[in-house]
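here is the input, now give the coordinates:
(chains A and B)
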Amino acid sequence: MSALSEVFARCKAEGRAALIGYLPVGYPDVEGSLAAMTALAEAGADIVEVGMPYSDPVMDGPVIQRAATEALAKGVHVDDVFRATAAVRDAGAVPVVMSYWNLVLRRGVDRYAADLAASGGVGMITPDLIPEEAGEWHEASERHGLDRIFLVAPSSTAERISVVTGASSGFVYTASTMGITGTRGSVGSGASELVARLREATDLPLCVGLGVSNGAQAAEVASFADGVIVGSALVSTLLDRGRDEGLAALRELTAELAEGVRGRA
Amino acid sequence: MTTEQPGTEQAGTEQAGTEQAESVPAQVHVPGRFGAFGGRYVPEALIPALEELDEARQKALVDPEFIDELATLHRTYTGRPSIITEVPRFAEHAGGARIILKREDLNHTGSHKINNVLAQTLLTKRMGKRRVIAETGAGQHGVATATAAALMGLECTIYMGKVDTERQALNVARMKILGATVVAVEHGSATLKDAINEAMRDWVTNVDHTHYVLGTVTGPHPFPEMVRDFHKIIGEEARGQVLELTGRLPDAVIACVGGGSNAMGIFHRFVTDQGVRLIGVEAGGDGIDTGRHAARFATAEPGVLHGAMSYLMQDDQGQTLETHSISAGLDYPSVGPEHSFLRDSGRAEYRYATDDQVMHAFQLLCRTEGIIPALESAHALAATLDVGKELGPDALLLVNLSGRGDKDMHTAAEWFGLVDKDGQA
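Next comes the predicted model:
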């Protein structure tokens, strides 16, 4: 059983959804991001998504763009991703990476996969890679025992859902709405409908992201999904705050979200 | 497949009036791939829209109604066929070679961009969408898209890097007057690539009613193939016009390459004419050794940006590098995937021209022929001066004059010291 399967089995046994939190490595700086990811794990995230800042993040909204731009300006390096995955593992959560594809290609797909596995990472979310373009990643992930987490969206047809779920392992990243990362007032009704369509196609855990920002929304999503993914709202806690103040705000929101996935919001 | 030697069927290529087989060399083995290049590196959310677009354009390309509608628009609105102009006084500076310009600068809105835009906006209506978005660098594609949107009654939003809105304030005003919303993008380097990022974010959010009119032969499949097909009329017309004027095919076809749409447009019909050299000209900026340029083929390695695998200016981490060119339209870190294929297969060759060389060629065409070219097109002219000298006085060169230079007057006036510090003439 893979590390991700174990997380979802444990959550299911506890009658709750898993909490998946995203933070970018390198923001506010590399050491600060490792501290933040550790805090995220300690405060209740089951899975930590380690994001690698990229110069052209087409799936990201203003909050994550801003953090990424600052991290890149300070010189964050792809090697730092593997320090972050190790830190997350040491803090007791399960690390996965989220990376735009050119950063993986440039390092070499097999080398990237080997480094990820060696650092304790268990899989990768690939926001701009579809299964048809993922032949090399499929082979490398098999070779190094990593999970492949592809995305589905409300626009996905039955045919696309079949392709994506057939290629995925670990869990399926289910985009709640059409659009990019960022907090929204409400999670669209499209999310529960999409999850229902996915249930007919796959037994993989279904985790819903895009737009979830508080405990109440987490509880709502947890009522129909296996995992709740939160990104921009967590990153926001670190913006425009001193380090200690930011970490305290991050812990507070994470705790609220952890209550949410337990249906207590 | 037969066992014929490659090139056998091209025998007689250079004979006047010989029509070649229509087949293009086997290059697209996988849909959307040009050899190792191209593909679809985009969020899953966009795949249904790309498939819808692919289906719509394939149907349209063989639908007599679409073909007729587009042809009528090109005849009565764009001003096609665009003429060719021989430029003997300019040619005196190019070793005496015979030089012919394909005048895409005379199209409505001032460049080749309108060819693709009219076709894509027609497709937008066929797909039942009511809104178009587009990116623009210098503003030419934005102006063309705003124009077509006005013509067809579509909502229109144009994304433009903040830096470019300041460099091209007049084009921003043109787009607004045509009824478009212009969004100044402040993220990242605030230039063309960031405008594309923002357009893609809009598209992924509003794809149910919005079509993204991508302006060049980059992006995910089917854009590179589709945009090429909407521009191939340039080469089809020019080939016939040159044959009629001179009785033979040119020795070389020369075009500037940013994303590469005007170049693919004029190259495509000549790809099977093996005796015709295809020469693309990139932006050499301040010079290759300064790092301030956009000559992808001179320094870059393949990578993925904006949905396609192609040559890409990137650092050792895979982060996109910023580029520089005096012409905003060539200031882009990647290049259309078909150009990468043509380059690696040896069918086309790529050079670059530095800003200095470009401004020299720009002024030369103005002074010898009374034609003010776009700075993008002046890259092709700069290379033509060299190619002419290399090939000698018997050479016949066809150059795509992809746009006119009105938009570049401010840059040119500053370069040649025609204005004082406050921009006053």
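
only C-alpha atoms for contact and neighbour calcs from this point on.
Fine.

check the secondary structure at the residue in the stretch 51-200 of chain A positioned nearest to chain B for me.
Nearest residue of the stretch 51-200 of chain A to chain B, counting by C-alpha to the nearest C-alpha: A:Gly179, 3.9 Å away. At A:Gly179, secondary structure determined by DSSP: H, G, I helix; E, B strand; the rest coil is coil.

show the model's pLDDT score for it.
Note on A:Gly179: pLDDT of 85.

so it sits against B:Glu198, correct?
No: A:Gly179 lies out of contact with B:Glu198 (C-alpha atoms under 8 Å); the separation is 11.6 Å.

when the two are compared, which one has more neighbours?
B:Glu198 (29 against 24; other C-alpha atoms under 10 Å in any protein chain shown).

what packs against the helix or strand hosting A:Leu23?
If you go by DSSP states H and E, A:Leu23 is part of strand A:18-24. The helices and strands touching strand A:18-24, judged by 3 or more C-alpha pairs under 8 Å, 6 or more residues apart in numbering or on different chains; DSSP states H and E, are helix A:3-13, helix A:30-42, strand A:47-51, helix A:62-73, strand A:227-230, helix A:232-238.

tally of neighbours for the residue lying closest to A:Ser232 once chain neighbours are set aside?
Nearest non-adjacent residue to A:Ser232, counting by C-alpha to C-alpha, 6 or more residues apart in numbering or on different chains: A:Gly182, 5.2 Å away. Counted with other C-alpha under 10 Å, the neighbours of A:Gly182 add up to 22.

quick check: A:Gly182 vs A:Ala39, distance?
Applying C-alpha to C-alpha, to the nearest Å, the value for A:Gly182 to A:Ala39 is 21 Å.

where in the chain is pLDDT low?
Going with chain A. Within chain A, the ranges that satisfy pLDDT under 70 run A:265.

please refer instead to chain B.
Residues of chain B meeting the criterion pLDDT under 70: B:1-30, B:421-425.

bridged to the spatially most central residue of chain A, which residues?
The centroid of chain A falls nearest to A:Glu49 when counting by C-alpha atoms, centre = their mean (3.8 Å). Taking DSSP bridges as the rule, A:Glu49 bridges to A:Tyr22, A:Val96.

what's the helix or strand for the closest residue to chain A within the stretch 201-350 of chain B?
The nearest approach of the stretch 201-350 of chain B to chain A comes at B:Thr205, 3.9 Å away (C-alpha to the nearest C-alpha). Assessed by DSSP H and E, B:Thr205 sits inside helix B:192-206.

please compute how far that helix lies from its chain's middle.
Averaging C-alpha positions (C-alpha atoms, centre = their mean, to the nearest Å) puts helix B:192-206 20 Å from its chain's average.

that helix packs against which elements?
Looks like helix B:192-206 contacts strand B:131-136, strand B:155-161, strand B:181-185, strand B:210-212 (3+ C-alpha pairs under 8 Å, 6+ apart).

okay if I get those as a markdown table plus mean neighbour count and distance to chain A?
Listed next are these as a markdown table, based on neighbours: other C-alpha atoms under 10 Å in any protein chain shown; distance: least, C-alpha to the nearest C-alpha, whole Å:
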| stretch | mean neighbour count | distance to chain A |
| --- | --- | --- |
| strand B:131-136 | 27 | 14 |
| strand B:155-161 | 26 | 14 |
| strand B:181-185 | 20 | 12 |
| strand B:210-212 | 24 | 13 |
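
residues of the stretch 201-350 of chain B that sit close to chain A?
Contact residues, the stretch 201-350 of chain B versus chain A (C-alpha under 8 Å from any C-alpha of the partner chain): B:201-202, B:204-206, B:303-305, B:307, B:316-320.

compute the number of surrounding residues for A:Gly188.
Neighbourhood size, A:Gly188 [other C-alpha under 10 Å]: 15.

check the one 3 residues further on too.
Neighbours of A:Ala191 under the rule other C-alpha under 10 Å: 22.

can you tell me the SS state at it?
Classification of A:Ala191 using three-state DSSP returns helix.

go ahead and confirm it touches A:Tyr173.
No: contact criterion C-alpha under 8 Å: A:Ala191 and A:Tyr173 do not qualify, at 11.3 Å.

find residues that contact each of those two.
Shared contacts of A:Ala191 and A:Tyr173, defined by C-alpha atoms under 8 Å, 6 or more residues apart in numbering or on different chains, comprise A:Val208.

got a list of what the nearest residue to B:Val217 once chain neighbours are set aside touches?
Once flanking residues are discounted, B:Val217 sits nearest to B:Pro224: 3.9 Å by C-alpha to C-alpha, 6+ apart. By C-alpha under 8 Å, 6+ apart, the residues touching B:Pro224 are B:38, B:216-218, B:336-338.

taking the residues you listed one by one, which sit in helices?
Under the assignment DSSP state H, the contacts of B:Pro224 contribute B:337-338 to helices.

before we move on, the earlier item: deepest in the core, which of the helices and strands packed on strand A:18-24 is it.
Each of the helices and strands packed on strand A:18-24 was assessed for mean neighbour count using mean count of other C-alpha atoms under 10 Å in any protein chain shown. The highest is strand A:227-230, with a mean of 29.

up against chain B, what does the stretch 1-150 of chain A have?
Contact residues (C-alpha under 8 Å from any C-alpha) of the stretch 1-150 of chain A with chain B: A:54-60, A:65, A:69, A:77-78, A:101-107, A:127-130, A:133.

what about 7 Å?
Contact residues (C-alpha under 7 Å from any C-alpha of the partner chain) of the stretch 1-150 of chain A with chain B: A:54-56, A:58-59, A:69, A:78, A:102-103, A:106-107, A:127-130.

quick check on B:Glu282: phi, psi?
With angles defined as degrees, to the nearest 10, B:Glu282 sits at phi -90, psi 170.

for the closest residue to B:Leu46 other than its chain neighbours, give me its contacts.
Counting by C-alpha to C-alpha, 6+ apart, B:Leu46 lies nearest to B:Val204, which is 6.1 Å off, once chain neighbours are set aside. Contacts for B:Val204 (C-alpha atoms under 7 Å, 6 or more residues apart in numbering or on different chains) come out as A:178-179, B:45-46.

please apply the same query to A:Trp101.
Contacts for A:Trp101 (C-alpha under 7 Å, 6+ apart) come out as A:126, A:128-129.

so what's B:Leu61 closest to, chain neighbours aside?
The shortest distance from B:Leu61 to any non-neighbouring residue, by C-alpha to C-alpha, 6+ apart, is to B:Ile67 (6.7 Å).

what strand or helix carries that neighbour?
Per DSSP H and E: helix B:64-73 holds B:Ile67.

ok, back up a step: make JSON lines from the helices and strands packed on strand A:18-24 and add distance to A:Ser156 to it.
JSON lines is the format used below for the helices and strands packed on strand A:18-24 (distance: least, C-alpha to C-alpha, whole Å):
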{"stretch": "helix A:3-13", "distance to A:Ser156": "24"}
{"stretch": "helix A:30-42", "distance to A:Ser156": "31"}
{"stretch": "strand A:47-51", "distance to A:Ser156": "23"}
{"stretch": "helix A:62-73", "distance to A:Ser156": "25"}
{"stretch": "strand A:227-230", "distance to A:Ser156": "19"}
{"stretch": "helix A:232-238", "distance to A:Ser156": "24"}
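
roughly how far apart are the most centrally placed residue in chain B and B:Ala361?
Nearest to the centroid of the C-alpha atoms of chain B, with distances taken as C-alpha atoms, centre = their mean, sits B:Ser261, at 2.6 Å. Counting by C-alpha to C-alpha, the gap from B:Ser261 to B:Ala361 is 21 Å.

ok, back up a step: now do the contacts for the residue nearest to A:Ser232.
By C-alpha under 7 Å, 6+ apart, the contact set of A:Gly182 is A:61, A:63, A:210-211, A:232.
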